[in-house]
Every structure is written in C-alpha cells, then in structure tokens.
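S.K.: my questions concern the predicted model and sequence given below.
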Amino acid sequence: MKDKLDADYTYKAAFETIITGAAWPNLRVHAAYPSVSSLRSRCNLEEDTPLHCFYTCPCNCSFEHEVVKNTQSLIKLAQAQSDTFPCLWFRGILPSKCTEIESEFDPADFLDISYHNESNCNWASNTYYGDASGGKYTEHTKLRRVGSSIVQVNNDLSLNFGASFNLPGPVQSAGRGELLALSVLVMHLLPYAEVFFFTDNLNVFGTYNKVPKAGVNSCNCDLWKGIFSSIVKKALLLKVRWMPSHLKEKDGPLPDDVTAFDIEANDVADHYAGQAASRFQIPDEAAANFVYYAKLVKKIQKRLSYILMNLPSRK
C-alpha cells in the first residue's frame, strides 16, 4: 500500500492528537478511571503503555500499511530511547539537541562574490538573468545555504559574464536569494543603464512592479530599500520580467515577453546559482545527524498516527 497519508484529513487529525499528547492508551485511562482495565484491549497481554501501544504490541504486526511495516525495525531503538526522548518516540516531536549544528557552520554574514569571465564584465545597458538555489539540503531550513547568480548571455547562449554569490545572514530562503540577485545587479550597474532583468520568482516581479512602499512593507525590506535607493541615485531604467521556473519550450505557449532564448538563458543563471549553493553548502558530515533525525521523526509521526487511526473503538 502506497503511503498517501499526508493528504488524508483523518491522518492530519490523528497527528494533531499525537503531537499534542492527547492520545490515551488504556493505562492512562485507567489512572483516571480505575474501572477501565489497564491492559491493551487488542492483545490483553500487557499494560497498555505508550511503548506497548505504538511499538511492542504483537497486534501491530497485523497492519499492512508500509508506515507500520517499514518501521517495525525501530522497535528496539524505541525501547532503548523512549525514556530519554519520550517526545520523539511517543509524540513525534524532535528534540532540539538532535538538530544542533555547530556555530562554525552558520551562514556567512558577508557577501562573497565570484565573477565568471570577469574580463568581459561590463555592467551597462543589457538583458540580465538572475536565479537562486537552495542546494543539496534545501528541504531542511536549518541546513539550507542559498546561492544566487546574475548572468549576461551571448546570442549563442554561451556565458558572456556573470557573478555568483552566497546569501548572507541567518534567513536562508530561495525567495530572498532571488531578490538578492536583483540587489547585486543594481549594485553593479553603471549609472543611466537601461536594463531588462528576468526572474522566475513571481513575488520579486510583483513587488517590484508595485509602488516602492510594497517593498518597504515586505519581510525583505532591507534589500528593497537598497534596490530602490540605487535606482534613484544612478538614474537607472530597470524593467523586471517574470517567467515560470524550469520552463521548457515544449511545455506549450510561452508567457508574453518570454522567448525560447530567455528559457535557455535562465537555465544558465540556474546553473551558476547551483554552483554557488554547492560552494557554500554545509559539509555532509556536519549535516548527517540532522538529516538522520529529520527522516526518523517523519517515520515515527506516520507510524504513531496510523496506529492511532486504526485502534479498535473503546467500549
């Protein structure tokens, strides 16, 4: 049976019950209402503790769903660690000590730019493409290290010149990285330049094309303030255009003002953003413990919730 629990409302309700500590194995009920037996109602072999209910009860072997079958191997680990980490094994809450990252691996607080084909750099009127990538660990907010890029592409789609760089600071979001690409472009542009900038981030496009106040009121107001300030000081004529991310010509009609060349040029920007993300990525050995527990807690959450959903009704 394929795991499709995440989209199931009943599962979400069961998970809420688990994570808030609102599940009541029989031993807990017995403590409040002594007339209720403390034994597990399915097997009648042992007291119905959380450990027995969700892990050691032999009746759990009857569940055919993969979220239970594939986690039977965790029973011994649950027995060994449940006294130390009850929040993990009985409520699916990951202890903070399991996700600690040494401070030496914190994101840099300064901008580190690498130039590509630097001899060709001429930040004058032209069309530029920007992108950002969260890198290998982008699904884990704490591990994500965003890289961004700006490129100027020749007619044959070769790189004329470009720049790739890290996203400084603790907020490592792809959206902020996409905006940083625009910020760094504006920082480099020569005065009076007339520029088209392509981004695949709809929020960057939408916010720029509203009044400046929209940027000031955003969570990235620091970057927007610098962008609009530089535009005024340098008397720039900047037009920001949007294209869907990872767009392919075969996907059908292209958006207005987007050409097949723009698609390929955006891929060049994506390539260099990926390179930047790899350059600043947290080392695998530093991320290993975090990744292990992040995967483990998801398995535990689904096991606990599924078993709770399928317990027989109490009399």
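M.R.: Yep, that arrived. Numbers count the residues shown, from 1 in each chain.

S.K.: how long is stretch 277-289 from one end to the other?
M.R.: The first and last residues of stretch 277-289 sit 21 Å apart, counting by Cα to Cα, to the nearest Å.

S.K.: who are the packing partners of the helix ranked longest in the chain?
M.R.: Counting by DSSP state H, the longest helix found in the chain is helix 284-309. Packing partners of helix 284-309 (3 or more Cβ pairs under 8 Å, 6 or more residues apart in numbering; DSSP states H and E): helix 9-19, helix 66-69, helix 86-91. The C-beta positions use only the backbone N, C-alpha and C, and glycine is treated the same way.

S.K.: return the distance of that helix from the chain's centre.
M.R.: Centroid separation between helix 284-309 and its chain, computed with Cα atoms, centre = their mean, to the nearest Å, is 16 Å.

S.K.: quick revisit: quick one: which of the helices and strands packed on helix 284-309 is nearest residue 208?
M.R.: Of all those, helix 9-19 sits nearest to residue 208, with 36.7 Å by Cβ to Cβ.

S.K.: if you count neighbours, what's buried in that closest one?
M.R.: By 16 or more other Cβ atoms under 10 Å, the buried positions in helix 9-19 come out as 11, 14, 15, 17, 18, 19.

S.K.: any chance of those in JSON lines, with pLDDT and distance to residue 89 too?
M.R.: Shown next, in JSON lines, are the buried residues of helix 9-19 (pLDDT from 0 to 100; distance: Cβ to Cβ, whole Å):
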{"residue": "11", "pLDDT": "92", "distance to residue 89": "19"}
{"residue": "14", "pLDDT": "94", "distance to residue 89": "16"}
{"residue": "15", "pLDDT": "95", "distance to residue 89": "15"}
{"residue": "17", "pLDDT": "96", "distance to residue 89": "16"}
{"residue": "18", "pLDDT": "96", "distance to residue 89": "11"}
{"residue": "19", "pLDDT": "96", "distance to residue 89": "13"}
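
S.K.: how about these, which pair is most distant?
M.R.: Spatially, the most separated pair among the buried residues of helix 9-19 is 11 and 19, at 12.2 Å (Cβ to Cβ).

S.K.: run through who's touching stretch 279-293.
M.R.: With contacts defined as Cβ atoms under 8 Å, 6 or more residues apart in numbering, stretch 279-293 is touched by 94, 98-99, 101-102, 105, 107-108, 112, 114, 135-137, 140, 142-143, 145, 147, 164, 166.

S.K.: among the residues you listed, name the buried ones.
M.R.: So, by 16+ other Cβ under 10 Å, the buried ones in the contacts of stretch 279-293 are 94, 99, 107, 114, 135, 136, 137, 143, 145, 147, 164, 166.

S.K.: for residue 30, find the nearest of the helices and strands packed on helix 284-309.
M.R.: With Cβ to Cβ as the measure, helix 86-91 is the member of these nearest residue 30 (17.2 Å).

S.K.: by contact count, what packs against the closest one?
M.R.: Other helices and strands packing on helix 86-91, by 3+ Cβ pairs under 8 Å, 6+ apart, are helix 9-19, helix 50-51, helix 75-81, helix 284-309.

S.K.: test for you: state the pLDDT assigned to residue 211.
M.R.: We have a pLDDT of 75 for residue 211.

S.K.: then residue 230?
M.R.: What the model reports for residue 230 is a pLDDT of 95.
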